[in-house]
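> kindly return the folded structure for what I paste below:
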Amino acid sequence: MGFGDLKAASGLKVLNDFLSDRSYIEGFVPSQADVAVFEVLSAPPPADLCHALRWYNHIRSYQSQKGSLPGVKKALGQYGPAGVADTTSGSAPAASKDDDDDDDDIDLFGSDEEEDAEAAKLKEQRLAEYAAKKAKKPALIAKSSLLLDVKPWDDETDMAKLEECVRSIELDGLVWGQSKLVPVGYGIKKLQISCVVEDDKVGTDILEEKITAFEDHVQSMDVAAFNKI
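Modelled structure (predicted):
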């Protein structure tokens, strides 16, 4: 796992491809993963790497508050696509074939040649008990509570209509909550609205795409607060 050498064109190309279908290095909001990768780059990616450049400019806007972003910063080699070794930070190379062979030789249940019929029966019983326990355990649905700032174009924007547009967005796993208008200056107010989303179904990038589609009323959307439930 890794991006390769992020100070070289090849590494930046891997980063660009990695960000072609996602907004952040991990998850749906800026985190310490983005900070870890951003700090390795000495300059913005070139314009032809549009996905990497878009991500770079977005994360740069969080530099004053990078210490408060969620998550724990890990080694650079733990981010990125599988099968690419990180060479920027001197991460350890991928395990050799001999190492893989050693792993393959490990038998967590003991050697088949050595185990007797009683040991085999005990192993099967424990596996069956584990499978039954897993089947009974209800699946947890990961949810998040979001607070969104939706900004209009100017003080003449119909904020009631803007909120109506936002609430008209219906997605599986999305529930709208309370809202209020917050002054931002020069007679302009922004809509601050809360919602609860199922993490596997709705991401902030989808919400931003849907909300900013109402381009006659909406100038931009930002995530003001993000909390796991």
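
> which neighbouring elements make contact with the helix or strand D149 falls within?
When elements are defined using DSSP states H and E, D149 is found to belong to strand 143-152. The contact analysis (3 or more C-beta pairs under 8 Å, 6 or more residues apart in numbering; DSSP states H and E) places strand 143-152 against helix 159-167, strand 188-198, helix 204-212, strand 218-228. Any C-beta I mention is one placed from the backbone N, CA and C, and that applies to glycine too.

> can you give me how far the helix or strand just after the first one is from the chain middle?
Beyond helix 159-167 in the direction of the C-terminus, DSSP H and E gives the next helix or strand as strand 174-185. The chain centre lies 24 Å from the centre of strand 174-185; the measure is C-alpha atoms, centre = their mean, to the nearest Å.

> so what does strand 174-185 touch, helix or strand wise?
helix 159-167, strand 188-198.

> make it 6 Å
Strand 174-185 makes packing contacts with strand 188-198 when contacts are defined by 3 or more C-beta pairs under 6 Å, 6 or more residues apart in numbering; DSSP states H and E.

> parallel or antiparallel, list what pairs with the strand it packs on.
Sheet pairing of strand 188-198 (DSSP bridges) gives strand 143-152 (antiparallel), strand 174-185 (antiparallel).

> most tightly surrounded among those?
strand 143-152 (a mean of 19; mean count of other C-beta atoms under 10 Å).

> now it and helix 204-212, what's the angle there?
30 degrees (axes from the mean of the first three to the mean of the last three C-alpha atoms, to 10 degrees).

> which other residues reach strand 143-152?
Around strand 143-152, the neighbours that count as contacts under C-beta atoms under 6 Å, 6 or more residues apart in numbering are 162, 166, 190-199, 218-222, 224-229.

> at 8 Å instead, please
If you take C-beta atoms under 8 Å, 6 or more residues apart in numbering as the criterion, strand 143-152 is touched by 28, 159, 162, 166, 182, 184, 188-199, 204, 207, 211, 217-229.

> would you pull up how far that strand lies from the middle of the chain?
Its chain's C-alpha centre and that of strand 143-152 lie 16 Å apart, by C-alpha atoms, centre = their mean.

> and the angle for it with strand 218-228?
Angle between the axes of strand 143-152 and strand 218-228 is 160 degrees (criterion: the same axes, to 10 degrees).

> could I get the average pLDDT for strand 143-152?
Within the predicted structure, the mean pLDDT of strand 143-152 is 96.

> where is the longest helix in the chain?
In the chain, taking DSSP state H as the definition, the longest helix is helix 117-136.

> for the nearest residue to P45 once chain neighbours are set aside, what are phi and psi?
Computed as C-beta to C-beta, 6 or more residues apart in numbering, the closest residue to P45 that is not its neighbour in sequence is A52, at 4.0 Å. Backbone dihedrals for A52, given as degrees, to the nearest 10, come out at phi -70, psi -40.

> tell me which helix or strand of the protein sits lowest on mean pLDDT?
Taking all helices and strands of the chain together, the one with the lowest average confidence (mean pLDDT, DSSP states H and E) is helix 97-105, at a mean of 47.

> which non-adjacent residue is nearest K210?
I169 (4.8 Å).

> apologies, that question was intended for S220.
Excluding its sequence neighbours, the residue lying closest to S220 (C-beta to C-beta, 6+ apart) is K151, at 5.0 Å.

> ditto for D205
Of all residues apart from its sequence neighbours, S23 sits closest to D205 (C-beta to C-beta, 6+ apart), at 4.4 Å.
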